[in-house]
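Trainee: A predicted structure for the sequence below; I have some questions about it.
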Amino acid sequence: MKYMLLIYASEAARAHMTPADYDAELQEYRAFGAEAAQRGVMVTGEALHPISTATTVRVRDGQALKTDGPFAETHEQLGGFYILDCRDLDEAIEMAAKIPGAKDGSIEIRPIVIFAQA
């Protein structure tokens, strides 16, 4: 089953990282990606630009309304994601615990719905 692993962390805390800390964390993410690929579960993964670049769209009364910024104010922001094809939720949890962002943020695991082809 495919799972989306959403990486949430504080952008404010990340802004105070030293270049050495940032490089070390980047190496941990590369190691995670390599392990996920080696295990055959990696589908894709990407980092996201800061929430200051986000745009939210809502349709109300047939009108599309655009708002700069994220959908909701939170203490943690969505910073990236992985899509993994794991045998079950237990394997997805095991892999989520290896994502570096789990150490100071959180990883939300969501199963992906596969719609039948028409």
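Mentor: That came through, no problem. Numbering: from 1, shown residues only.
Trainee: Centroid-nearest residue for the protein?
Mentor: Residue closest to the average C-alpha location in the chain (CA atoms, centre = their mean): F81, at 2.4 Å.
Trainee: Who is that residue paired with across the strands?
Mentor: L6, E46 (DSSP bridges).
Trainee: show me the residues around it that make contact.
Mentor: With contacts defined as CB atoms under 8 Å, 6 or more residues apart in numbering, F81 is in contact with 4-7, 45-46, 48. The C-beta positions use only the backbone N, C-alpha and C, and glycine is treated the same way.
Trainee: can you put those in CSV and add distance to A64 and pLDDT?
Mentor: Listed next are the contacts of F81 as CSV, based on distance: CB to CB, whole Å; pLDDT from 0 to 100:
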residue, distance to A64, pLDDT
M4, 25, 97
L5, 30, 97
L6, 25, 96
I7, 29, 96
G45, 30, 96
E46, 25, 95
L48, 22, 93
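Trainee: Next one, pLDDT for the spatially most distant residue from the centre of the chain please.
Mentor: Distance to the chain centre peaks in the chain at D61, reaching 31.7 Å (criterion: CA atoms, centre = their mean). pLDDT for D61: 94.
Trainee: Using PDB, write out the CA atom coordinates for stretch 95-114.
Mentor: Extracted in PDB, the C-alpha atoms of stretch 95-114 (Å, rounded to 0.1, in the frame of the first residue of the first chain):
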ATOM      1  CA  MET A  95      10.300   4.200   7.900                       C
ATOM      2  CA  ALA A  96       8.600   7.300   9.300                       C
ATOM      3  CA  ALA A  97      10.700   7.000  12.500                       C
ATOM      4  CA  LYS A  98      13.800   7.100  10.400                       C
ATOM      5  CA  ILE A  99      13.000  10.400   8.800                       C
ATOM      6  CA  PRO A 100      15.300  13.100  10.400                       C
ATOM      7  CA  GLY A 101      12.400  15.500  10.900                       C
ATOM      8  CA  ALA A 102      10.800  13.100  13.400                       C
ATOM      9  CA  LYS A 103      13.500  14.100  15.900                       C
ATOM     10  CA  ASP A 104      12.200  17.600  16.400                       C
ATOM     11  CA  GLY A 105       9.000  17.700  14.500                       C
ATOM     12  CA  SER A 106       6.400  15.100  13.500                       C
ATOM     13  CA  ILE A 107       5.600  12.800  10.600                       C
ATOM     14  CA  GLU A 108       2.000  12.300   9.700                       C
ATOM     15  CA  ILE A 109       1.300   9.000   7.800                       C
ATOM     16  CA  ARG A 110      -1.700   8.900   5.400                       C
ATOM     17  CA  PRO A 111      -2.600   5.900   3.300                       C
ATOM     18  CA  ILE A 112      -3.200   6.900  -0.400                       C
ATOM     19  CA  VAL A 113      -6.500   6.100  -1.900                       C
ATOM     20  CA  ILE A 114      -6.200   4.200  -5.300                       C
END
